[in-house]
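J.: no sequence on hand, only this structure:
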């Protein structure tokens, strides 16, 4: 078949990671490189110890070869996530986080935890955030109808997680509403 | 040392190219930058466009218009980058730092190839699934490339033949059709289910969207909604929303 069964209904987390890896991030390079034309755009020049802005996948590649240090994005630190978590647990709405924060923070914790301040604390904050937001997602299921459900500030990974269940629920509700009209 | 890189003619393969490219657009995510009256968006790079079309195609129940020009432009670019890598690989005098540059370009080629492949396969999957419907519907045919149309009609023909030879020829005439539309039953020809819900993300302000329950919805830029595909079909086609 042209597309494996597992890819037909939804995209997979590794695919989301691939997309998120296109986002730009600051690095402190340990090697120099001229400005180079890539398909996604031109990046560089890299001149240690000046910061440079390159795609995440490139930063990960260089980091794994110990050729750069990754500078955490300004939302990825203990203070910021702590205020977000406080808001997340005290307010009914989803707090605003970067759309692909889950993918990016996972990649950074996996390959560049030595460039981060207090990675263990970051990990546990992300876990708490995830749990608080998941609870809200489940609440959201109550509001689902056959027409529309607004989900402000929901993130890419969270959408992917709730997708099968939410789509199926709405489909069922749509069928319930539609069929009586057809029969009339 | 750095000067040396500048004048290395082989690097010109990449250095020249970026001069012709538009500057990489900056994401303007802070709310101050958003003017709701301005429909204009920061221009997307071809790769960003392809990624958007790829995800739209993955999530949409229907077959979306083929992006032939975008895809062939991307394939050309892939070929040019591959040739450049090949050229530089063969040079024994290249430095360690040059190796890293080659490795990075090669990595990106593989990443882009993955997206191109997945995009084409997703379309192929839908075309095969709805092959019979495609062959009888001029509207869908307009959204396909010539090769895709050809594939659809061949696929439909082969499966028809197979059904006929294996079962249908032994059935009474009245039951030997593949395109019955009996009352109270779904049609035998599989059609895309446009009432399937999708997650949409507004790329610009979209106002006065009519919902199935009769209400209207105004979506600000950045708004995320779960709604039926049929509701946002036109907005997806115009690129005002993307499916996520």
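T.: Nice, I can see it. Here the structure is a predicted model, which is why all the values come from computation and not from measurement. Numbers count the residues shown, from 1 in each chain, chains lettered A, B, ... in the order given.
J.: show me the shaky parts of chain B.
T.: B:1-42 (pLDDT under 70).
J.: report the central residue of chain A.
T.: By Cα atoms, centre = their mean, chain A has its centre lying nearest to residue A:100, at 2.4 Å.
J.: what about the longest helix anywhere in chain A, average pLDDT?
T.: Determined from DSSP state H, the single longest helix within chain A is helix A:156-183. Computed over helix A:156-183, the mean pLDDT rounds to 84.
J.: report all helices and strands that it contacts.
T.: Other elements packing on helix A:156-183 under the criterion 3 or more Cβ pairs under 8 Å, 6 or more residues apart in numbering or on different chains; DSSP states H and E are helix A:13-20, helix A:101-111, helix A:119-140, strand B:197-202, strand B:224-228. Glycine gets a C-beta too; all of them are placed from N, C-alpha and C.
J.: now the angle from it to strand B:224-228?
T.: Following axes from the mean of the first three to the mean of the last three Cα atoms, to 10 degrees, one obtains 30 degrees for the angle between helix A:156-183 and strand B:224-228.
J.: show me what counts as buried in helix A:156-183.
T.: Of all the residues in helix A:156-183, those buried under the rule 16 or more other Cβ atoms under 10 Å in any protein chain shown are A:156-163, A:166-167, A:169-171, A:174.
J.: which residue, other than its chain neighbours, is closest to the residue nearest to the centre of chain A?
T.: residue A:20 (4.0 Å; Cβ to Cβ, 6 or more residues apart in numbering or on different chains).
J.: how many other residues sit next to the one you found?
T.: Residues lying near residue A:20 (other Cβ atoms under 10 Å in any protein chain shown) number 22.
J.: and it, what pLDDT?
T.: 97.
J.: was I right about residue A:133 contacting residue A:158?
T.: Yes. The pair residue A:133 and residue A:158 qualifies as a contact (Cβ atoms under 8 Å) at a distance of 6.3 Å.
J.: for the longest helix anywhere in chain B, buried residues please.
T.: In chain B, assigned by DSSP H, the helix with the most residues is helix B:96-129. For helix B:96-129, a neighbour-count test (16+ other Cβ under 10 Å) marks B:97-98, B:100-102, B:104-105, B:108-109, B:111-112, B:115-116, B:118-129 as buried.
J.: quick check: angle from it to helix A:13-20?
T.: Using the same axes, to 10 degrees: helix B:96-129 against helix A:13-20 is 120 degrees.
J.: circling back to that earlier point, now the angle from the longest helix of chain A to helix A:101-111?
T.: Using the same axes, to 10 degrees, the inter-axis angle of helix A:156-183 relative to helix A:101-111 is 150 degrees.
J.: residue ranges with poor pLDDT in chain A?
T.: In chain A, residues with pLDDT under 70: A:1, A:179-184.
J.: residues touching whichever strand in it runs longest, excluding its own?
T.: The strand that spans the most residues within chain A, counting by DSSP state E, is strand A:24-29. Among residues not part of strand A:24-29, those counted as contacts by Cβ atoms under 8 Å, 6 or more residues apart in numbering or on different chains are A:46-56, A:59, A:62-63, A:67-71, A:73, A:104.
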